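Chemist: My questions concern the predicted model and sequence given below.
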Amino acid sequence: MRTQHGSLSRQAAIRYQAGDLILRGFDNDEIMEVLAVSLSSVKRWHNKIESEGLTALARKPGSGSKAALSSTQLAELKTILDKGSLAAGYPTERWTSRIVADLIRKKWHVDYCRSNVRRILNDFGMSYQKPSVKLTKHSPQVIDQWRTHDWKRIKKSR
């Protein structure tokens, strides 16, 4: 089945098949067996169809909260991100999800978790940057010296 947003989910297809079977007069046990669903689901669907019709089996819109930033605020955020993090007053050139969340909190007093910040960046066609961690205390020569000599001495032999 197709909807305005694409194909129906498996669960929605099963609900509509059950609704069709209910309207055609099949009993609950037959519907349970054909669709491999529980008796409680069939009874629930039956009650919904009797009270509201077949459309009651349609998926309800999401119950999550609305986006905290308006479309104009998101456009302003995109402009700030395009200018770079140094221009926004951050010490690095990378936009990490933590830095973008901090920017949103300071500018609009809205808290976003990092996964939602990554979704916003993805919607903008951007990606968040993971900072790389490098040792600054030791030179590469000291690290190689330790790896080739000291580590072999410390490591237990099998």
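Modeler: It's in. Numbering: from 1, shown residues only.

Chemist: Domain-wise, how is this structure divided?
Modeler: According to automatic domain parsing, the chain comprises the domains 8-57, 71-123.

Chemist: Including mean pLDDT and distance to residue 150, could these go into a markdown table?
Modeler: To be clear about C-beta, it is placed using only N, CA and C from the backbone, and glycine gets the same treatment. Conversion of those to a markdown table gives the following (pLDDT from 0 to 100; distance: least, C-beta to C-beta, whole Å):
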| stretch | mean pLDDT | distance to residue 150 |
| --- | --- | --- |
| domain 8-57 | 91 | 58 |
| domain 71-123 | 91 | 33 |
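
Chemist: Identify each buried residue in the strand or helix carrying residue 12, please.
Modeler: Secondary structure from DSSP states H and E places residue 12 in helix 10-23. Neighbour counts over helix 10-23 (16 or more other C-beta atoms under 10 Å) mark 14-19, 21-22 as buried.

Chemist: which strands and helices sit next to that helix?
Modeler: Under the contact criterion of 3 or more C-beta pairs under 8 Å, 6 or more residues apart in numbering; DSSP states H and E, helix 10-23 touches helix 28-35, helix 39-52.

Chemist: on that earlier part again, what would the domains of the chain look like in JSON lines with distance to residue 148?
Modeler: Below are those laid out as JSON lines (distance: least, C-beta to C-beta, whole Å):
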{"stretch": "domain 8-57", "distance to residue 148": "57"}
{"stretch": "domain 71-123", "distance to residue 148": "33"}
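
Chemist: who wins for proximity to residue 153 among those domains?
Modeler: Nearest to residue 153, of all those, is domain 71-123, at 38.3 Å by C-beta to C-beta.

Chemist: Now do the helices in this protein.
Modeler: Counting by DSSP state H, one finds helices in the chain at the ranges 10-23, 28-35, 39-52, 71-83, 97-108, 114-123, 140-145, 151-154.

Chemist: ok so, going back, so can I have CSV of the helices and strands packed on helix 10-23 showing distance to residue 108 and mean neighbour count?
Modeler: What follows is those, written out as CSV (distance: least, C-beta to C-beta, whole Å; neighbours: other C-beta atoms under 10 Å):
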stretch, distance to residue 108, mean neighbour count
helix 28-35, 47, 15
helix 39-52, 40, 14
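
Chemist: TSV for those, including distance to residue 154?
Modeler: Below are the helices and strands packed on helix 10-23 laid out as TSV (distance: least, C-beta to C-beta, whole Å):
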stretch	distance to residue 154
helix 28-35	63
helix 39-52	62
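
Chemist: Thank you kindly, that will do.
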